[in-house]
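Student: below: sequence and its predicted model.
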Amino acid sequence: MARSKEALVLLLDVGPSMHSILPEVEKLCSMLVQKKLIFSKNHEVGVVLFGTEETNNELEKEVGGYEHVFVLRDIKVVDGDTVEVLHNLPRGTSPGDFMDAIVVGMDMLIKKFGQTNKGKQCLSLVTNAQYPIKDPSEGTKVDQVDMISSQMKAHGVKLDCILIRENPIGSAEQSVINENELLLNQFSKKAISKIVHVDSPLALLGALRTRSISPVTVFRGDLELGSTMKIKVWVYKKTSEEKFPTLKKYSDKAPPSDKFATHEVKVDYEYKSVEDPDKVVPPEQRIKGYRYGPQVVPISSAEWEAVQFKPDKGIKLLGFTDSCNIMRHYYMRDVYIFIPEPGNRKAIAAVSAIARAMKELNKVAILRCVWRQGQGSVVVGVLTPNISCTDNIPDSFYFNVLPFAEDVREFQFPSFSKFPAAWLPNALQQEAADSFVRRLDLAPSGREEMLKPDFTPNPVLERFYHFLDLKSKQPDADVPPLDRTLKRITEPDSDLLSESKPVIDNFHSYFELKENPKRKKLSRLAWKEKPSSSNNENGADGGASDIQRNLIQDSSVKVEKIGDLNPIQDFETMMARRDNPKWVAEAIQGMRVYINDLLEKSSKGETYPEAIKCLAALRKGCILEQEPKEFNQFLFHLYHKCKSPHLLEFLKLLSSKNITLITKTEAADSDVTEEEAKNFPLKSEPSS
């Protein structure tokens, strides 16, 4: 059975009041047709203009009336000519009557499809509705809307309306605009209709869905609240990531005269034996292998099947919790929507009762979900009530996937309040920073939100589709410059920047910005060519040379212990790691052990300078990571250890370098005062 085609008729207002926004209307319709050429090349599209000087439609010829309505393109399979037609729409000179345009579009669909193709026909109306519509010959305008709506419902025709609210004619015509809006709202009550209001040319590009995706249920079954209470629900995906279309390989080897050539490229793989490269191994003799160290462990599909976890299909309630316990950043992947089973009144009432109770008590539900029988993974997520504002739409739930323990990435950062007072911003700097952040708000109070997600197209995808259409016509075409409309999405708004300039300048005046010089990366060869044993190539501290330091700093290998080559660099690298909180403690402990080893191995004090530098690095790191007690306890340990005769020289060197305890001023967690630190090492015991 052949799949029925979807049909779309564009009803475009080209009257005088629409002239300023017609370039965006042309772009919107071109984007729509370009995507249909890519994703839905069998769909049919027609174009009807109203507000034109000329009249061209069959109803005018048959029954009269319907003036200034021009059928620019009959309903045909979408092609490249449709895009060209929409690029330069004529500018009309007469007031547009959107009701006449709807009737002409309906007449075109009925004559084309009759009683077939129900549910796959759509009218898309783009207008600002600023001109009054004509009174019907019989009845009122509301009666006319009801009659058209009944015809639309009988033939399964949908109506999508984009109502533009930019540059109204004047306050004197506000009554006309309000009347027209009421009439359009009447369609949504009587037929399948949706009205979208836009207030800027930029929002217009995202108002019309240029690609329709049929919703498919991921689950149909029971929502188990307990052993004796179950609700029939259907689950759909509410949102999904928009990805680039898959570009398949194309073969031009087929002769042009072959009308049945698919031009597909098929790739076949052959597996050959290592012992005998000329022998092809058949599929029944192949088995998957997985590397484990230097070995390859073979695991057959039967073994995988035996150990695979296969939970039973179902959705079970684990419990309820306060909504404040589930943070927004916990959500993972796409959003699902739970609706009661259509037509099941008991399910509709049960879902509505639970959703409204959860909303009233500010609760959310935690669910365990297995969408399919034998699914390899279990999903745990949060169910949030979604109360409907429309009478004919039941209440529902939104579902977001929550992370498991191994999905959570903890990044620990010290609090600004624990930094030394000299590092903290003053009141003027804080106020300048707060003002700067407030100016970054795209939805300031008293103004419409800029770049609304629902009305903002993906600029990367839109540019890709535009360039793909250009390439199909001009194979040698270069990438065109960024479109003016897409620039407004990707680049900062000039009006917003000019308004925020005093705030930006004020922020800049309170914070000194310095350029961070980039070190030149040195290759491993430069390190190997220099002999590491040469004394004059080592630093003044007897450690690694500059080349070795640069190499270690640029290395992507994560340091896990403090080595002898460059202990300070290893310590700082471990302290900076944020993939696991254990590295801070291990770095401190490793540096303490290394300093102890330096002191124990010293015979005539030759390692004392290195130990002093390592101790200074340890002190600095403990201040940054707010670990003052770790350093203070170690310093007391060294003081008692250095009382032995052979380490007295190190104690004198330590006093001369002014390395003392970490005070409360430097770290909030410290219990050492300035006076106690100044008198160290006279203070013999650490405080509790």
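Tutor: In hand now; what should we look at? Numbering: from 1, shown residues only.
Student: centroid-nearest residue for this structure?
Tutor: Glu241 (8.3 Å; CA atoms, centre = their mean).
Student: mind listing what's buried along the top helix by length along the chain?
Tutor: In terms of residue count, the longest helix belonging to the chain (DSSP state H) is helix 582-601. Residues of helix 582-601 classed as buried by neighbour count (16 or more other CB atoms under 10 Å): Trp583, Val584, Glu586, Ala587, Ile588, Gly590, Met591, Arg592, Tyr594, Ile595, Leu598, Leu599. For the C-beta atoms, the positions are set from N, CA and C on the backbone; glycine is no exception.
Student: can you list contacts of it?
Tutor: 412, 560-562, 567, 570-571, 574-575, 577, 607-608, 610-611, 614-615, 617-618, 621-622, 625, 627, 630-631, 634, 638, 641-642, 647, 650 (CB atoms under 8 Å, 6 or more residues apart in numbering).
Student: likewise stretch 412-424?
Tutor: Against stretch 412-424 from outside (CB under 8 Å, 6+ apart): Arg578, Pro581, Val584, Ile623, Leu624, Glu625, Gln626, Thr665, Glu666, Ala667, Ala668, Asp669.
Student: can you pull up the bridge partners for the nearest residue to Phe338 once chain neighbours are set aside?
Tutor: Nearest non-adjacent residue to Phe338, counting by CB to CB, 6 or more residues apart in numbering: Phe397, 4.0 Å away. Assessed by DSSP bridges, Phe397 has beta-bridge partners Phe338, Pro385.
Student: kindly report the same for Gly319.
Tutor: Taking DSSP bridges as the rule, Gly319 bridges to Ile366.
Student: for Val280, same thing?
Tutor: Lys272.
Student: right, and it touches Asp268 too?
Tutor: No: the criterion here is CB atoms under 8 Å, and Val280 misses it with Asp268 at 11.1 Å.
Student: and those two? which has more neighbours close in?
Tutor: Between Val280 and Asp268, counted using other CB atoms under 10 Å, Val280 has the larger neighbour count: 11 against 4.
Student: hang on, the earlier thing: now list the buried members of the contacts of helix 582-601.
Tutor: Using 16+ other CB under 10 Å, the buried members of the contacts of helix 582-601 are 562, 567, 570-571, 574-575, 577, 607-608, 610-611, 614-615, 617-618, 621-622, 625, 627, 630-631, 634, 638, 642, 647, 650.
Student: circling back: can you put the buried residues of helix 582-601 in JSON lines and add distance to His263 and pLDDT?
Tutor: As requested, the buried residues of helix 582-601 are exported to JSON lines (distance: CB to CB, whole Å; pLDDT from 0 to 100):
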{"residue": "Trp583", "distance to His263": "55", "pLDDT": "85"}
{"residue": "Val584", "distance to His263": "60", "pLDDT": "87"}
{"residue": "Glu586", "distance to His263": "60", "pLDDT": "88"}
{"residue": "Ala587", "distance to His263": "60", "pLDDT": "89"}
{"residue": "Ile588", "distance to His263": "65", "pLDDT": "90"}
{"residue": "Gly590", "distance to His263": "63", "pLDDT": "89"}
{"residue": "Met591", "distance to His263": "66", "pLDDT": "90"}
{"residue": "Arg592", "distance to His263": "70", "pLDDT": "89"}
{"residue": "Tyr594", "distance to His263": "67", "pLDDT": "89"}
{"residue": "Ile595", "distance to His263": "71", "pLDDT": "87"}
{"residue": "Leu598", "distance to His263": "72", "pLDDT": "85"}
{"residue": "Leu599", "distance to His263": "77", "pLDDT": "83"}
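Student: many thanks, I have nothing further to ask.
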